[in-house]
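Student: pasting the structure only:
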């Protein structure tokens with residue numbers, strides 16, 4: 001039958017519009033859709049005069065809810081995108097469809113949020129009255145039963161509301177997904193021939209609501225995976241993304257790195273770094289590229305990567321952990337950017353001091369220590385931390401973060417307390433009380449954490465030096481130090497009278 005219809009369309013001297021409309025009827029029936037789009041595609045290929053009306057039909061059905069019909073029409077349209085005089089028409093239709101899809105999906109998303117809010121705000125039934133207190137013990141029992149009934153009813157109401165909200169969200173998410181898929185498959189198919197169309201996608205994405213943006217990032221994943229072997233083609237497009245499309249671009253970079261070659265290409269790394277420098281972008285754009293950077297460049301980006309932990313989003317912990325893994329992983333023909341020990345040292349030497357003060361740098365050390373293999377064993381062995389601590393102690397200027405790392409080594413890895421106390425002793429030898437406030441505060445924190453073992457170091461600290469250090473000490477440590485000094489020989493206690501004068505004051 002399809003052969004007869006096609007032969008008729010090719011051989012008839014004149015094809016009236018009604019005849020082409022008969023083929024359109026096939027597209028309205030799922031079982032006959034294949035006959036419709038194959039016939040139209042062949043007619044467009046072999047009979048130029050009717051190409052435009054055939055194309056109009058295929059474009060109309062390229063957003064059809066039935067996916068088999070939609071995909072067949074999209075494949076037919078895609079064939080003629082860059083090879084016919086109607087390329088602009090195809091492109092214009094596709095971009096308008098994508099814009100309309102995101103706008104419609106955003107409306108669906110807002111309605112979903114409004115419905116869920118209405119369910120939450122919906123008043124519950126009034127509680128059972130328990131006002132009449134006359135009647136003694138019997139009435140008290142009645143009131144107690146009424147309160148129990150009210151509590152049970154409240155729980156049931158909350159459970160019903162949760163179930164309603166889950167159903168509304170499930171239905172809304174499905175509608176958003178279906179709307180976006182039906183309107184975006186054609187433009188995404190055209191993107192495989194013209195990646196610049198992604199700029200239009202970015203522009204629509206920037207105006208969409210958050211739920212829609214989440215779905216769009218998922219929908220574009222297959223397209224990005226199709227170009228992971230040639231990421232350089234995407235770089236010029238990524239460099240032009242509009243404000244508001246940052247999360248989409250970060251997602252694309254992540255896909256190119258995770259699903260692409262083990263080490264990101266220089267073209268991708270350099271292109272994204274250039275974009276970040278020109279547009280003053282954050283470290284979230286480079287986290288997945290860390291394994292492809294040169295060491296000096298990586299050291300410049302290490303502090304911004306750690307700074308991601310300032311943000312409250314829990315996912316940033318995973319991003320920083322991923323960057324550490326990529327920085328320290330070697331591949332055939334490509335050594336790691338930094339060894340694990342070098343990374344630990346860099347976290348102490350190359351991270352901004354304000355991140356140390358805020359506790360962000362210590363969070364990074366915790367992430368380093370806490371990374372685990374699938375079998376549960378540490379990614380970075382205890383020997384790595386020990387080697388890092390030894391090298392850091394030998395530096396002319398000891399970073400204050402060392403004291404925190406030493407305490408983590410002792411507490412979480414069962415490291416020797418003697419090593420940590422020895423580190424404090426080295427700082428005393430270097431006259432820690434004359435160092436900047438960051439180091440003095442870190443020293444006192446570690447000293448307090450490691451007591452009572454650390455108290456023996458007091459005899460090695462001159463009176464004036466101890467006085468300066470104790471300025472940063474909490475009240476609890478003052479009491480502990482006083483008790484310890486009170487048991488020391490009187491000859492030594494005399495030089496520390498100020499400790500007890502402070503207590504009297």
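Tutor: All right, it came through fine. Here the structure is a predicted model, which is why all the values come from computation and not from measurement. Residues are numbered from 1 along each chain as shown.
Student: Mind telling me which residue is nearest the centre of this structure?
Tutor: Nearest to the mean C-alpha position of the chain, counting by Cα atoms, centre = their mean, stands residue 315 at 4.5 Å.
Student: now it: how far from residue 326?
Tutor: Distance, residue 315 to residue 326, using Cβ to Cβ, to the nearest Å: 16 Å. In short, each C-beta sits where N, CA and C put it, glycine included.
Student: now residue 159
Tutor: The value you get for residue 159 to residue 326, if Cβ to Cβ is used, is 44 Å.
Student: between those two, which one's more packed in?
Tutor: residue 326 (23 against 10; other Cβ atoms under 10 Å).
Student: Report the secondary structure state of the residue lying closest to that one once chain neighbours are set aside.
Tutor: In space, and not counting its chain neighbours, residue 326 is closest to residue 291: 3.5 Å by Cβ to Cβ, 6 or more residues apart in numbering. With DSSP: H, G, I helix; E, B strand; the rest coil as the basis, residue 291 sits in helix.
Student: my read: residue 291 touches residue 263, true?
Tutor: Yes - the pair residue 291 and residue 263 passes the contact test of Cβ atoms under 8 Å, sitting 5.9 Å apart.
Student: out of the two, which sits in the busier spot?
Tutor: Comparing residue 291 with residue 263 by other Cβ under 10 Å, the one with more neighbours is residue 291, at 23 against 19.
Student: who's in contact with residue 66?
Tutor: In this structure, residue 66 makes contact with 30, 33, judged by Cβ atoms under 8 Å, 6 or more residues apart in numbering.
Student: right, I mislabeled it, should have said residue 269
Tutor: Going by Cβ under 8 Å, 6+ apart, residue 269 touches 289, 292, 293.
Student: Name the nearest of those residues relative to residue 495.
Tutor: Checking the contacts of residue 269 against residue 495 with Cβ to Cβ, the nearest one is residue 293 at 53.7 Å.
Student: That closest one is in contact with residue 336, isn't it?
Tutor: No - at 11.2 Å, residue 293 does not count as touching residue 336 under the criterion of Cβ under 8 Å.
Student: Identify the contacts common to these two.
Tutor: Taking Cβ under 8 Å, 6+ apart as the contact criterion, residue 293 and residue 336 have no common neighbours.
Student: which of those two has more neighbours?
Tutor: Taking other Cβ under 10 Å, residue 293 and residue 336 do not tie; residue 293 has more neighbours (22 against 16).
Student: quick one, what contacts that one?
Tutor: Neighbour list for residue 293: 269, 273, 286, 301, 337 [criterion: Cβ under 8 Å, 6+ apart].
Student: Mark which of those residues are buried, thanks.
Tutor: 269, 273, 286, 301, 337 (16 or more other Cβ atoms under 10 Å).
Student: Mind putting the residues you listed into JSON lines with distance to residue 241?
Tutor: JSON lines is the format used below for the buried ones among the contacts of residue 293 (distance: Cβ to Cβ, whole Å):
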{"residue": "269", "distance to residue 241": "17"}
{"residue": "273", "distance to residue 241": "15"}
{"residue": "286", "distance to residue 241": "15"}
{"residue": "301", "distance to residue 241": "20"}
{"residue": "337", "distance to residue 241": "27"}
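Student: Among the residues you listed, list the two that are farthest apart in space.
Tutor: Pairwise distances across the buried ones among the contacts of residue 293 (Cβ to Cβ) peak at 13.7 Å, for the pair 273 and 337.
Student: Quick check: the residue nearest to the centre of the chain vs residue 279, distance?
Tutor: In this structure, residue 315 and residue 279 are 22 Å apart, going by Cβ to Cβ.
Student: Tell me the span between the first and last residue of stretch 204-220.
Tutor: In stretch 204-220, first residue to last residue: 13 Å (Cα to Cα, to the nearest Å).
Student: any idea of the mean pLDDT in that stretch?
Tutor: Stretch 204-220 shows a mean pLDDT of 94.
Student: buried sites along it?
Tutor: 204-206, 208-209, 211-217, 219-220.
Student: need the next SSE after the worst-scoring helix or strand of the chain on mean pLDDT, C-terminal direction.
Tutor: Ranked by mean pLDDT, DSSP states H and E, the helix or strand of the chain with the weakest confidence is helix 2-11, at a mean of 61. Per DSSP states H and E, the first helix or strand lying C-terminal to helix 2-11 is helix 17-27.
Student: Mind giving me the packing neighbours of that following helix?
Tutor: The contact analysis (3 or more Cβ pairs under 8 Å, 6 or more residues apart in numbering; DSSP states H and E) places helix 17-27 against helix 2-11, helix 33-46, helix 51-60.
Student: Now that we have these, can you turn them into JSON lines and tack on distance to residue 255 and mean neighbour count?
Tutor: Formatted as JSON lines, the helices and strands packed on helix 17-27 follow (distance: least, Cβ to Cβ, whole Å; neighbours: other Cβ atoms under 10 Å):
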{"stretch": "helix 2-11", "distance to residue 255": "39", "mean neighbour count": "13"}
{"stretch": "helix 33-46", "distance to residue 255": "31", "mean neighbour count": "20"}
{"stretch": "helix 51-60", "distance to residue 255": "29", "mean neighbour count": "19"}
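Student: hey, least reliable of those helices by pLDDT?
Tutor: When the helices and strands packed on helix 17-27 are compared on average pLDDT, helix 2-11 comes out lowest at a mean of 61.
Student: Quick check: buried residues in the helix or strand hosting residue 99?
Tutor: Per DSSP H and E: residue 99 is located in helix 87-121. Within helix 87-121, the residues that count as buried by 16+ other Cβ under 10 Å are 89-91, 93-95, 97-99, 101-106, 108-109, 112-113, 115-116, 119.
Student: what's the angle from it to helix 51-60?
Tutor: Orientation check (axes from the mean of the first three to the mean of the last three Cα atoms, to 10 degrees): helix 87-121 against helix 51-60 gives 20 degrees.
Student: Now do helix 87-121: which elements does it pack against?
Tutor: helix 51-60, helix 136-191, helix 198-207, helix 210-219.
Student: Kindly tell me how buried residue 446 is, as a neighbour count.
Tutor: 24.
Student: quick one, what contacts it?
Tutor: Taking Cβ under 8 Å, 6+ apart, we find residue 446 in contact with 403, 404, 406, 407, 420, 423, 424, 454.
Student: what about it, distance to residue 478?
Tutor: Noted for residue 446: a distance of 17 Å to residue 478, by Cβ to Cβ.
Student: got it, and residue 201?
Tutor: Remark: distance between residue 201 and residue 478 (Cβ to Cβ) = 63 Å.
Student: Those two: who's more crowded?
Tutor: residue 201 (25 against 14).
Student: is it true that that one touches residue 98?
Tutor: Yes - with contact defined as Cβ under 8 Å, residue 201 reaches residue 98; the gap is 6.5 Å.
Student: shared neighbours of these two, anything?
Tutor: Common neighbours of residue 201 and residue 98, using Cβ under 8 Å, 6+ apart, are residue 187.
Student: Can you point out the helix or strand that includes the nearest residue to residue 461 once chain neighbours are set aside?
Tutor: Closest residue to residue 461 apart from its sequence neighbours, by Cβ to Cβ, 6+ apart: residue 428 at 5.8 Å. Using DSSP H and E, residue 428 sits within helix 417-429.
Student: Residue 462: neighbour count?
Tutor: Residue 462 has 12 nearby residues by other Cβ under 10 Å.
Student: how near is it to residue 495?
Tutor: Taken as Cβ to Cβ, the span from residue 462 to residue 495 is 8 Å.
Student: again with residue 370
Tutor: As judged by Cβ to Cβ, residue 370 and residue 495 stand 44 Å apart.
Student: likewise residue 78?
Tutor: Going from residue 78 to residue 495 by Cβ to Cβ gives 87 Å.
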